[in-house]
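Engineer: need coordinates for the below:
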Amino acid sequence: MTGASILLVEDDPALRMMLRGTLELHDFRVHEADCREHALRQLHADAGIRIVILDLGLPPHAHEIIEGIATLRAIDAEIMTVKTIVLTGQDQEAAALEAIREGAFDFLAKPASADAILRAVQRAVLFLQKEGELQREGITRIAVNAQVGEGLKGLRDDAEERLVRQILKETGFNVYQSAKRLGVKRENIYYFMKKFGIERDD
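Structural biologist: Numbers count the residues shown, from 1 in each chain. Below is the predicted model of the structure:
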């Protein structure tokens, strides 16, 4: 995955420029954003972005992790097939726990060296490559957070919804192909779409 596209979400223009230069020296294509709205707009506009480097301290709460975590949640909720590496200078233990809970792939404390960031990016590239190999074998990975003690039905519904959403997204909302991949009838796909409120524009 040489030349993979990376979205760099950082509100400090000097740091953003430094990181961009480092990544481009290693043949990565870099997109930039300085806030949650801009980041999500870029992700929707370019499906080729596979890695996100996300500073948790984004405006309007630059000295807290609130906005960065909200960005992570939005990426996870839309089942975007990206690996997110988070950076933070705030309360590192609490930030790491919250970031992992919300789907972060990796966590780096600021100030992170260029080498540390490159190693994290290379790990993300490796994972994406291996997940691509699994997908070609007909295996789709989904991540589901489970609260122990809340029973299995909610977990089953959550896993079911995420799997159906992900397969539909991967097939470009081709119901026939999605049904084939899941080993069910097309009518079942329409049932799941109605059950979970899934629409083509999701």
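Engineer: beta partners for the spatially closest residue to Ile100 that is not a sequence neighbour?
Structural biologist: Once flanking residues are discounted, Ile100 sits nearest to Phe107: 6.9 Å by Cβ to Cβ, 6 or more residues apart in numbering. Every C-beta, even on glycine, is put in place using the N, C-alpha and C of the backbone. When bridges are called by DSSP bridges, Phe107 pairs up with Val86.
Engineer: how much space between the residue nearest to the spatial centre of the chain and Arg41?
Structural biologist: By Cα atoms, centre = their mean, the mean C-alpha position of the chain lies nearest to Val82, the distance being 3.9 Å. As judged by Cβ to Cβ, to the nearest Å, Val82 and Arg41 stand 14 Å apart.
Engineer: which residues touch Arg186?
Structural biologist: By Cβ atoms under 8 Å, 6 or more residues apart in numbering, the contact set of Arg186 is 175-176, 179.
Engineer: for it, give me the pLDDT.
Structural biologist: Per-residue confidence for Arg186 comes out at a pLDDT of 90.
Engineer: what do you get for Lys110?
Structural biologist: What the model reports for Lys110 is a pLDDT of 84.
Engineer: so what's it closest to, chain neighbours aside?
Structural biologist: Gly89 (3.9 Å).
Engineer: repeat for Thr81
Structural biologist: Arg50 (7.1 Å).
Engineer: that neighbour and Val82 touch, don't they?
Structural biologist: Yes - the criterion here is Cβ atoms under 8 Å, and Arg50 meets it with Val82 at 5.6 Å.
Engineer: list the contacts for the residue nearest to Thr81?
Structural biologist: 1, 4-6, 81-83, 124, 128.
Engineer: next step: the residues you listed restricted to helices.
Structural biologist: Judged by DSSP state H, the contacts of Arg50 include 124, 128 as members of helices.
Engineer: helices of the chain, start to end?
Structural biologist: 13-25, 36-45, 66-77, 92-101, 114-136, 152-170, 175-182, 186-196.
Engineer: avg pLDDT for the second one?
Structural biologist: Per-residue pLDDT values across helix 36-45 average out to 93.
Engineer: may I have that helix exported as CSV, CA atoms only?
Structural biologist: Only the C-alpha atoms of helix 36-45 are listed here, as CSV (Å, rounded to 0.1, in the frame of the first residue of the first chain):
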residue,chain,number,x,y,z
ARG,A,36,-14.2,17.6,12.8
GLU,A,37,-16.5,19.0,10.2
HIS,A,38,-13.7,19.5,7.7
ALA,A,39,-12.3,16.0,8.4
LEU,A,40,-15.6,14.2,7.9
ARG,A,41,-16.2,16.2,4.7
GLN,A,42,-12.8,15.0,3.3
LEU,A,43,-13.5,11.4,4.3
HIS,A,44,-16.9,11.5,2.5
ALA,A,45,-15.3,13.1,-0.6
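Engineer: show me which residues of it are buried.
Structural biologist: Of all the residues in helix 36-45, those buried under the rule 16 or more other Cβ atoms under 10 Å are 36, 38-40, 42-43.
Engineer: off-centre distance for the lowest-mean-pLDDT helix or strand in the chain?
Structural biologist: The weakest-scoring helix or strand in the chain, judged by mean pLDDT, DSSP states H and E, is helix 152-170 (a mean of 80). Computed by Cα atoms, centre = their mean, to the nearest Å, the chain-centroid distance of helix 152-170 equals 16 Å.
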